[in-house]
Structures are given as structure tokens and as C-alpha cells.
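Asks: Pasting the sequence and the predicted model now:
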Amino acid sequence: MTKLTKNKKLALEKIDASKLYSLEEAAKLVKEVTTTKFDASVDIDVRLGVDPRKANQMVRGVVTLPHGTGKETRVLVLCTPDKDEEAKAAGADYVGLDEYIEKIKGGWTDVDVIITMPSVMAKVGALGRILGPRGLMPNPKSGTVTMDIAKAVQEVKAGKIDFKVDRYGIVHTSVGKVSFSEDKIVDNVKEFMNTIMKLKPSAAKGTYVKSIGLSSTMSPGLRIEPKSVDA
């Protein structure tokens, strides 16, 4: 165990806070410097040159990572009884309506994604104060309010993620696990950044991608040279 700690220490010494790493270098290093015993998530932080307070500069989208996120996504489907079997067959972890609405009102939010259908949005909308702050509110733009429940569940389970810029102009999300190969981390980051680039608001002036950081749970952040991410 001492040897591992020594290796990690050496790896940490390799990180130069003032350096801009290529995506490939960062993907390699983030695996080396992670000191957790569990399979940590690899996270990306992208600082954008936008003003999120202005509606025409909001950056929000969905992306399906080629290699998934590596984590089990717990999905709750709030639907009418005729859709129950479809949701269960597609792999939803929880399926129902009124009983889950009551559970959520009682403070239960032990899921990662909630998918629903337009006809029950009035009921689901009443949960906004609980679901909104946790980023769980279903939204037609992210594909989580839909009549095609099965497709939505399958996409989320396959690694589709919903993201949006926060009030500081930063988009933060997970792009894999430390156990992923460097190539898989690189592929996922490129797909994510490709999506971010396509969403550039026409109202955003100046530099769009100001900085990109890659880190894992408990590891220092590695700054990435934005040009190295071009797919």
C-alpha cells in the first residue's frame, strides 16, 4: 500500500498548475492522480464567455456520450398506468404516478433522472420547488417530457446527459469514470465539447470557451488547452 501512496504522490507532483495540458495528457494524468479507493467520476468544467442571466445567452443541451458515464442512472418514470409496462420494459427503476408524487412531496428524491409525459405535467409541475433546485425537473427540451417513454428511458440509461450553464457561466458534468481507458475519456470529452460548440449563442461575443478543466473526485483540476479538444 505504501508503494501506491508513493506513486500517487509522485503523480501529484507531476501536475503543473500553470500548464495547459493536451486532452490526451489530461486524460492520462487524471487516472494517475486519483487517490480514492472507489471508482471516481471524471468531471469536466467548461467556463464559457456568456452571460447566463440573459435568455439569449443560455447554454443548455443534451449529449449522449459514446461510452456512457460509467454510472448507473436511476430513472423514475411518472406516467399514466397504460405506460407502466413500456417504462418497466425499457429499464426504468421506478414507475408510477400519484404514489411517487406523494413520496416526492414528502422529500424523497433518490433518483438521477425523472421522465414524464405531457398529459401529467400539471401534476409534476406542482413539484417544481422540490425538483427544480435538484436539477430533476422534467423538461421537453431535454427529452424528459415525451410520449415516447421507452426511447427516453433507453437513451438516459445509455449515457445521455442533460446539462446547462450555471449562473457563473460554467458547465459542469461527468464524462466517465477513472476506470475508463484514456481513449474513452478523450472520446467522451470530445463529444461533449462538440455539443457545447454547436450550442454557441449568436449573442455571445468574444471568446466562447474561456477554460476547460478536467478532474476526478478528490483530485486536483487539470487545465486543458481548448484547441486540443477540437474533434
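Replies: Received it, and whenever you're ready, just let me know what you need.

Asks: mind listing the helices for the protein?
Replies: Along the chain, the stretches classed as helices by DSSP state H are 2-14, 23-32, 84-90, 98-105, 121-125, 128-131, 149-157, 182-198.

Asks: List the contacts of the fourth one.
Replies: Defining contact as CB atoms under 8 Å, 6 or more residues apart in numbering, one finds that helix 98-105 is touched by 76, 78, 94, 108, 123-124, 126-127, 130-131. Backbone N, C-alpha and C define where each C-beta goes, glycine included.

Asks: Next, give me the two most distant ones among those residues.
Replies: Using CB to CB, the two most remote members of the contacts of helix 98-105 are Tyr94 and Ala126, lying 18.5 Å apart.

Asks: picking that back up, got CSV for the contacts of helix 98-105, with distance to Gly213 and pLDDT too?
Replies: What follows is the contacts of helix 98-105, written out as CSV (distance: CB to CB, whole Å; pLDDT from 0 to 100):
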residue, distance to Gly213, pLDDT
Leu76, 31, 97
Leu78, 35, 97
Tyr94, 34, 97
Trp108, 33, 94
Lys123, 39, 93
Val124, 34, 94
Ala126, 38, 92
Leu127, 33, 94
Ile130, 31, 94
Leu131, 28, 93
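
Asks: Could you export those as TSV, including neighbour count and distance to Gly70?
Replies: Formatted as TSV, the contacts of helix 98-105 follow (neighbours: other CB atoms under 10 Å; distance: CB to CB, whole Å):
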residue	neighbour count	distance to Gly70
Leu76	25	21
Leu78	26	26
Tyr94	18	22
Trp108	13	25
Lys123	13	33
Val124	20	29
Ala126	13	34
Leu127	19	29
Ile130	16	28
Leu131	18	25
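
Asks: Pick the one among those residues closest to Met147.
Replies: Using CB to CB, Leu78 is the member of the contacts of helix 98-105 that sits closest to Met147, with 13.4 Å.

Asks: Distance check, the nearest residue to the closest one once chain neighbours are set aside against Arg129.
Replies: Nearest residue to Leu78 in three dimensions, chain neighbours excluded: Thr116, at 4.3 Å (CB to CB, 6 or more residues apart in numbering). With distances taken as CB to CB, to the nearest Å, Thr116 is found 17 Å from Arg129.

Asks: In terms of packing, which of those two has more residues around it?
Replies: In terms of neighbours (other CB atoms under 10 Å), Thr116 is the more surrounded of Thr116 and Arg129; the figures are 25 against 8.

Asks: Surely that one touches Ser142?
Replies: No. Look at Thr116 against Ser142 with CB atoms under 8 Å: they stay out of range, at 11.7 Å.

Asks: shaky segments in the protein?
Replies: Residues of the chain meeting the criterion pLDDT under 70: 1-12, 231.

Asks: re earlier: so which of the helices of the chain is nearest Val59?
Replies: So among those, helix 182-198 is nearest, using CB to CB, at 7.0 Å.

Asks: Many thanks, I have nothing further to ask.
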